[in-house]
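Trainee: Here's a sequence, model it:
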Amino acid sequence: MRVRRFEWDGAAETAVAIRAWTAEAAPDVDVATIERRVREEGDAAVLELTARFDATERPPTELKVDSAESERALAELDGELRESLELAAGNIRTVAEAQIDEVQRVTDLTQGQRVAVREVPVGAAGLYAPGGRAAYPSSVLMCAIPARVAGVERLALASPPGPDGSVNRLVLAAAALCGIDEVYAMGGAQAIFALAYGTETIAAVDAIAGPGNAWVREAKRAVSGTVGIDSLAGPSELMIVAGHDADVEWAALDLCAQAEHGGEGPLLGVSVEEAVLDSLAAATERAAGERSGVGDAPLALVRVPGLTDAIDLANAFAPEHLQLMEEDAALLADRVTTAGCVFAGRNGATAFGDYAAGSNHVLPTGGAGRFSGPLGPHVFRRKIATVEVSAEAAAKLAPHVDRIARAEGFPVHGESAMIRVEKGK
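Mentor: Numbering: from 1, shown residues only. Sure thing, here's the model as predicted:
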């Protein structure tokens, strides 16, 4: 654990300083070459890159995984683990269903026209479940269930194979549990480009969702506009606001849990009291030293003048996860505007949201919480407007359309509206 103390210099300035420090260890990412190769070479490029970065011992000869493999993986899954995955899936589904609004919004305007806005699902969604350090069946649930709730007909999952060329059995089991239509053994930026543009084997999708490393994040940034994306979800982040009565041993484990994802994601410990920060630093370094798999993550410690300043710092930093280990956590949570997910109260460990609480763990990172939020059904749905203009409405609106259109230098727009009045009588 790399620990550094930051002097309070105001919320915005302190947030910038912490982001700059944590970015020093970030890899230099350029996905343009990968994008070009996938677009030009299709399957061949994806297979070659998969062999180079993932399936180093036994490269696959095909990208698509036989659906029977997923069904076998689910059938062979440990009964208790399956029970836990099904509980998590049920909670995720309940929260996702609560976000769907099937009501068609219709507005009758005073000139007589009617504008209706309704939502429809995208036709196909690409889902990404990371690999590498661990298997992520939980990410499969977090992506697939909101997509199904949204009404998406075709779900295509990409996940990096292991060195032996096989997709992790837990990921395959989760894919079967969610009824995913297609699974592809591919990861990284090349997987995102393959889903967005299509290859000989893979039909292009309309939206892509799922967490990943810096290469996955930058690939999603590159294809945004060609397809819809959920958010720029990269390396995991956690900020903890610890009160005087916070259990620093619990907080230390929470920080170490996020460090299990690797050493790139920033961790923050914030408190009004210096003694709390001292105890938190010691407990975290001790916990990290006693456990394997906890990366060399950067831990920034900040003493703030007051709780209001702590929330201001959270809003400026826009952390992926924010834990409020304070007495008035629920009240403080209402003031948070940019965090991906807020965990209020001493029992609100981020780990609950990562797996089974029902909230989604695909969240914006790197400050992207300022303009995006958790993955949900809305990512896989789009709005369509239908406009009905009666003869009466046309007569009332056309002169205004004509006037504005001519002012903009588009007289034919005005004619298009006016002819409904002049010839429609």
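Trainee: drop to CA atoms for contacts and neighbour counts, all remaining ones
Mentor: OK.
Trainee: Parallel or antiparallel, which strands does the worst-scoring helix or strand of the chain on mean pLDDT pair with?
Mentor: Counting by mean pLDDT, DSSP states H and E, the chain has its least confident helix or strand at strand 105-108, which shows a mean of 86. In the sheet, strand 105-108 lines up against strand 114-121 (antiparallel) (DSSP bridges).
Trainee: name the element the closest residue in space to residue 180 that isn't next to it in sequence belongs to?
Mentor: Once flanking residues are discounted, residue 180 sits nearest to residue 155: 5.4 Å by CA to CA, 6 or more residues apart in numbering. Element membership for residue 155 (DSSP states H and E) is strand 154-159.
Trainee: so how far is the following helix or strand past that strand off the chain centroid?
Mentor: Remark: after strand 154-159, the chain's next helix or strand is helix 169-178, criterion DSSP H and E. What separates the centre of helix 169-178 from the centre of its chain is 20 Å, taken as CA atoms, centre = their mean, to the nearest Å.
Trainee: wait, residue 273 sits on residue 306?
Mentor: No: in this structure, residue 273 is not within contact of residue 306 by CA atoms under 8 Å, at 9.1 Å.
Trainee: More neighbours: those two, which one.
Mentor: Neighbour totals were compared for residue 273 and residue 306, and residue 273 leads with 16 against 12 (other CA atoms under 10 Å).
Trainee: can you pull the pLDDT of the more buried one?
Mentor: If you check residue 273, the pLDDT there is 96.
Trainee: what do you get for the one 5 residues further on?
Mentor: Reported pLDDT at residue 278 in the predicted model: 96.
Trainee: what does residue 424 give?
Mentor: 61.
Trainee: neighbours around residue 388, how many?
Mentor: Residue 388, neighbours per other CA under 10 Å, totals 13.
Trainee: State the helix or strand in which residue 384 lies.
Mentor: Element membership of residue 384, judged by DSSP H and E, is strand 381-388.
Trainee: for the stretch 201-350 of the chain, what are the low-confidence residue spans?
Mentor: 295 (pLDDT under 70).
Trainee: Now do the helices in it.
Mentor: 214-223, 248-259, 274-289, 307-317, 329-333, 350-355 (DSSP state H, counting those that start in this stretch).
Trainee: who does the residue nearest to residue 180 bridge with?
Mentor: residue 125.
Trainee: Please report how far it lies from residue 297.
Mentor: Distance from residue 155 to residue 297, counting by CA to CA, to the nearest Å: 34 Å.
Trainee: Please apply the same query to residue 305.
Mentor: From residue 305 to residue 297 the distance is 26 Å (CA to CA).
Trainee: If you count surrounding residues, which of these two has more?
Mentor: residue 297 (25 against 13).
Trainee: excluding its backbone neighbours, what's nearest that one?
Mentor: Per CA to CA, 6+ apart, closest to residue 297 is residue 263, 3.9 Å.
Trainee: Quick check: that neighbour touching residue 299?
Mentor: No: taking contacts as CA under 8 Å, residue 263 lies outside contact range of residue 299: 10.0 Å.
Trainee: between the two, which one's more packed in?
Mentor: The residue with more neighbours, out of residue 263 and residue 299, is residue 299; 26 against 21, by other CA under 10 Å.
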